[in-house]
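> Have a look; sequence and predicted model below, questions after that.
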Amino acid sequence: MPLNLPNLLTWLRIILIPLFVGIFYFEKSWVSGSNQNLVATVIFVAAAVTDWLDGWLARKLNQTSAFGAFLDPVADKLMVAAALIILVQLHRVDAIIALIIIGREIAISALREWMAQLGDSKSIAVSFLGKLKTATQMIAIPMLLYHDQLGPLNPQSVGTWLICIAAALTLISMGYYLKAALPTLGKKG
């Protein structure tokens, strides 16, 4: 495992997950309800920023590695799954939305692994649709975590719409990846 700044940032994201989840389990005298929302939102946004930063630094410093390429999406999926589970528990996201998003992540990760073993991982490289889905959910989740009114903006309402759009994009992008993989799976499956 290469020890470099991009990989350290990825490890930081993974280390932040228990703190992120723990915020909602701390004694209320330590962190009140609205402060829980704020702290959890800040942690999630910080993790999202480090996700962008570690990729940028890996390319800029020429420190890309197979281990980093493996660990980065794992860290992302763990943080998003943790956030969605917390949001379901807080009754801010419907369980079906969380199941769609988490289920798709597991299915596409497995498909990518299988396609890599078949020597055709390029056919299911990240698409614009996948990036749009990710961007939508990465805007929706902090809004749902923050939850409290921000002047005229109702983050819960906007976040709910965005997470529903993200779930729809999740299904569409999953269909896109499955369709892209079908020719290879038909020949070698």
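Perfect, I can see it now.

> measure the spatially most central residue of the chain to residue 94 for me?
Nearest to the mean C-alpha position of the chain, by C-alpha atoms, centre = their mean, lies residue 80 at 3.8 Å. Taking C-beta to C-beta, to the nearest Å as the measure, residue 80 falls 16 Å from residue 94. The way it works is simple: take the backbone N, C-alpha and C, and place the C-beta from them, glycine included.

> Look at the residue nearest to the centre of the chain and report its pLDDT.
Note on residue 80: pLDDT of 95.

> ok, now residue 52?
85.

> what about it, helix or strand, and which?
Element membership for residue 52, per DSSP states H and E: helix 33-60.

> what's that helix packed up against?
Using 3 or more C-beta pairs under 8 Å, 6 or more residues apart in numbering; DSSP states H and E, the elements in contact with helix 33-60 are helix 5-22, helix 66-89, helix 128-146.

> Between helix 128-146 and the first one, find me the angle.
Orientation of helix 5-22 against helix 128-146 (axes from the mean of the first three to the mean of the last three C-alpha atoms, to 10 degrees) gives an angle of 40 degrees.

> Mean confidence (pLDDT) on helix 5-22, please.
On average, helix 5-22 scores 91.

> out of the helices and strands packed on helix 33-60, deepest packed?
helix 128-146 (a mean of 20; mean count of other C-beta atoms under 10 Å).

> Give me the packing partners of it, helices and strands only.
So helix 128-146, by 3+ C-beta pairs under 8 Å, 6+ apart, packs with helix 33-60, helix 66-89, helix 155-188.

> buried ones in the first one?
Within helix 33-60, the residues that count as buried by 16 or more other C-beta atoms under 10 Å are 36-41, 43-44, 47-48, 50-51, 54-55, 57-58.

> do the same with stretch 172-189
173, 174, 176, 177, 180, 181, 184.

> For the closest residue to the third one other than its chain neighbours, give me its contacts.
Computed as C-beta to C-beta, 6 or more residues apart in numbering, the closest residue to residue 176 that is not its neighbour in sequence is residue 129, at 5.6 Å. Residues counted as contacts of residue 129 (C-beta atoms under 8 Å, 6 or more residues apart in numbering) are 169, 172, 173, 176.

> what stretches of this protein score poorly on pLDDT?
Along the chain, the parts satisfying pLDDT under 70 run over 1-2, 33, 120-121, 123-125, 185, 188-189.

> domain assignment for it?
With domains defined by automatic domain parsing, the chain comprises 1-91, 94-189.

> Helix, strand or coil: sort out residue 111 for me.
Per DSSP: H, G, I helix; E, B strand; the rest coil, the secondary structure class of residue 111 is helix.

> Grab the nearest non-local neighbour of it.
Ranked by C-beta to C-beta, 6+ apart and with sequence neighbours excluded, the top spatial neighbour of residue 111 is residue 181, at 5.9 Å.
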